[in-house]
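In: With the input below, show me the fold.
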Amino acid sequence: MKNQRSIERNGLCSRLVTIVITSLFLLSLILEAHIGNVKIGGYFFSLEEDEIYTVYAEETAQLVYNYMRDTTYGGYFQEVSEDWTVVTNTRKGFLGNTFIARGFLQLYERTKNVTYLAWAENIVSTLWKKCWDQTGQLGFFDGYFQNWTRNTNSQTLQEQAEFVHIALDVYNYTSNSTYYRWADQTMHFIMDYYHDHTNGAMYRTRNGVTGTISNTNKQTEVSLGAFAWAAMKWYAYTCNQTALTYSQECVNWIRNHLWNATSSGYMTETNSVGLVTNKYYYPNVEMWGLVGMLEYYRHTSNSTVASWIRDGLNHINNTMWDRTYGGWYRKLNPDNSTLQDTKTGWDNAEQPWFWHYVYGVTNNISDKNTAIRSLNWTRDHVWDSAHKGFWLELTRDGTTVIFNTKNDWVHGGTVVAFAYRRIHEISINNISLSKTIAGQGYNVHINVTVTNDGDFTETFNVASYANTTLLQEQEIMIPSKASLTITFVWNTTGCAYGNYTISAHAYPVPYEADTGNNTYTGGIIRVVTPGDVNADRIVNILDAGAISAHWHPGPPHGPLDYDPNFDTNCDGKINILETSIVSAYWTGPPKGPLDP
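Out: Residues are numbered from 1 along each chain as shown. From the prediction side, this is the model:
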């Protein structure tokens, strides 16, 4: 009986183990379908959701590179078949090629894989060398045949603006000034030829053959938002006031002429004087208007513009997201009723990136949640699980494909969306000292340069140290992609004579992964007896002679230039006051009255 019970217990344990293993296996399949995992040594390990997005981005980028790239003439075709094997449209869309380049650049930013950067560089170089109108009226045309001869006279402002953006990104990553020169030339072309000098803001389209404006309308997406987005990025490099002024005109135009107070959204288009010509709502159009406004806000911190942005965000989120099936509607009527309820690849590719970008500016968790919700819907419904890549258009419920070809700018947009990552990253880049020899009891200015390389406005404390002694702390706020130099004043009263290593530390911000560059060591200050300007521990005629040699500003002016180490009292001058300090601390004989 005892052996039988033992056998029964063993059998029960065996069944329990089987059930547990089976359950874990089924769970792994569920995770693989909905989250994703890798298989290592026969075991499944789930990946972080964030990393799964990168897997989709890299797989899509590789497909685009392998099957849409024209190995004969360069660049990328507009369209291939569902299974990627047949090129169904050999034309080259300028906008599509810039979107693909942005996708590769975003993947490089995410992975630091230089292959993606090289792919993007190749696109930018090809577009400039093949498409920039060197001999005619300048600018890029909207579309080209396979061999890069133009198939249209149209030069839409958005195409020009997109090129500025990707060229500046490549310049930022490579420091190759050629890319900056191309971006600079293109931006000057835009400002010279697309600006409405009478009514303000930017025209939509130019005839690249005649050099005249062919469409004087002003659209939220392709002229106003696209310009402000690129111009403010360029402004960050140049501080060009014209770019700032024209961007402000575009932002104001969107609000003053395209805001519909009744339905609380930004409409699509006006004529040249501000009369609305298209009252419908499209998620990608309203989105790009807000992108331009957001970029303007990032560089100006204009609180009024911030409220305008939130109005538009609320409209997109509250009216364009399908509360029943998920995904973004294609088009709404002026009263916010649904006009077209299909789900397009481009809308559902751009919106996740857009909301992550919004989150980086606003730091509002609800914006992040919208980004994740949107990204997951795109992954679960727009992804072609059989052939890989993303569909062009689906029915409202996301179950039936309407257009199954693979498109250039849909896939560029989805790579951007799935590779996009918002990070918190601050660093200290430099410390400069007002002097390296300081008389005891006098001040030294310690200038610390702090950079916010992340995607959020950050508020944090920075501390300065002399050796291990805390000198001061300051709380600072820095916008994303900006730098700030702050000054600490160290009064050396009571400090022992000797050398002090100066450093600064930026306290990590929440969710900051890389904190290795938060501390910076920036030189040595020697604290000496006042008047010992040559730091030889004696105050004598040599110090007086050195002060005389650096006499500033005179008259007479000393033979040597101003040197702060000889400006003992830190008043910006080297004169009789310094010699009086030398006299007071004279080592002797005879000893000065203050000689220690």
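In: Just confirm residue 114 contacts residue 105, I think it does.
Out: No: if you go by Cβ atoms under 8 Å, residue 114 and residue 105 don't touch, sitting 11.8 Å apart. Just so you know, the C-beta spots here come from the backbone N, C-alpha and C atoms, and that holds for glycine as well.
In: Between these two, point out the one with more neighbours.
Out: residue 105 (26 against 12; other Cβ atoms under 10 Å).
In: element containing the more buried one?
Out: helix 94-111 (DSSP states H and E).
In: any idea of the mean pLDDT for that helix?
Out: The pLDDT scores in helix 94-111 average 92.
In: elements contacting that helix?
Out: Helices and strands touching helix 94-111, by 3 or more Cβ pairs under 8 Å, 6 or more residues apart in numbering; DSSP states H and E, are helix 49-67, helix 114-131, helix 157-174, helix 408-419.
In: if I look at residue 124, how far off is residue 191?
Out: Distance of residue 124 to residue 191, computed by Cβ to Cβ, to the nearest Å: 21 Å.
In: Neighbour count: these two, which is higher?
Out: Counted by other Cβ under 10 Å, residue 124 and residue 191 do not tie: residue 124 has more neighbours, with 24 against 18.
In: From the recorded domain assignment, give the ranges for this protein.
Out: 2-46, 49-419, 426-528, 529-596 (automatic domain parsing).
In: hey, which of the ones you listed is tucked in deepest?
Out: Of the domains of the chain, the one with the most neighbours on average (mean count of other Cβ atoms under 10 Å) is domain 49-419, at a mean of 20.
In: tell me the centre residue of the protein?
Out: The chain has residue 455 as the residue nearest its centroid, 6.1 Å off, counting by Cα atoms, centre = their mean.
In: Secondary structure class of that one, three-state.
Out: The local conformation at residue 455, judged by DSSP: H, G, I helix; E, B strand; the rest coil, is coil.
In: Mean pLDDT lowest where, among the domains of the chain?
Out: Across the domains of the chain, domain 2-46 gives the lowest mean pLDDT, at a mean of 40.
In: so which of the helices and strands packed on helix 94-111 gets nearest residue 387?
Out: Checking the helices and strands packed on helix 94-111 against residue 387 by Cβ to Cβ gives helix 49-67 as the closest, at 9.0 Å.
In: just to revisit the earlier point, excluding chain neighbours, what is closest to the residue nearest to the centre of the chain?
Out: residue 360 (3.4 Å; Cβ to Cβ, 6 or more residues apart in numbering).
In: Kindly report the same for residue 441.
Out: residue 493 (4.7 Å).
In: now the helices for the stretch 201-350 of the chain?
Out: Under the criterion DSSP state H, counting those that start in this stretch, helices of the stretch 201-350 of the chain are mapped to 226-238, 241-258, 283-300, 303-315, 345-362.
In: Redo those helices as CSV? Include distance to residue 545.
Out: Compiled in CSV, those are given as follows (distance: least, Cβ to Cβ, whole Å):
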stretch, distance to residue 545
helix 226-238, 47
helix 241-258, 49
helix 283-300, 51
helix 303-315, 58
helix 345-362, 58
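In: ok, back up a step: any idea how far the residue nearest to the centre of the chain is from residue 401?
Out: Taking Cβ to Cβ, one finds residue 455 at 34 Å from residue 401.
In: circling back: take the helix holding residue 105, keep the C-alpha atoms, and write them as CSV.
Out: C-alpha atoms of helix 94-111 as CSV (Å, rounded to 0.1, in the frame of the first residue of the first chain):
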residue,chain,number,x,y,z
PHE,A,94,11.1,62.4,-54.1
LEU,A,95,9.0,62.5,-50.9
GLY,A,96,9.0,58.7,-50.7
ASN,A,97,12.8,58.6,-50.9
THR,A,98,13.1,61.2,-48.2
PHE,A,99,10.8,59.2,-46.0
ILE,A,100,12.9,56.1,-46.5
ALA,A,101,16.1,58.1,-45.6
ARG,A,102,14.4,59.3,-42.4
GLY,A,103,13.6,55.7,-41.5
PHE,A,104,17.2,54.7,-42.0
LEU,A,105,18.4,57.7,-40.0
GLN,A,106,16.0,56.9,-37.2
LEU,A,107,17.3,53.3,-37.1
TYR,A,108,20.9,54.5,-36.9
GLU,A,109,19.9,56.8,-34.0
ARG,A,110,18.3,53.8,-32.3
THR,A,111,20.9,51.1,-33.0
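In: could you give the angle of that helix to helix 49-67?
Out: Inter-element angle recorded for helix 94-111 and helix 49-67: 130 degrees (by axes from the mean of the first three to the mean of the last three Cα atoms, to 10 degrees).
In: ok, now which ones touch the closest residue to residue 177 other than its chain neighbours?
Out: Excluding the flanking residues, the one nearest residue 177 by Cβ to Cβ, 6+ apart is residue 171, at 7.1 Å. Residues near residue 171 by Cβ atoms under 8 Å, 6 or more residues apart in numbering: 177, 179, 180, 183.
In: Before I go, just wanted to say thanks for your time.
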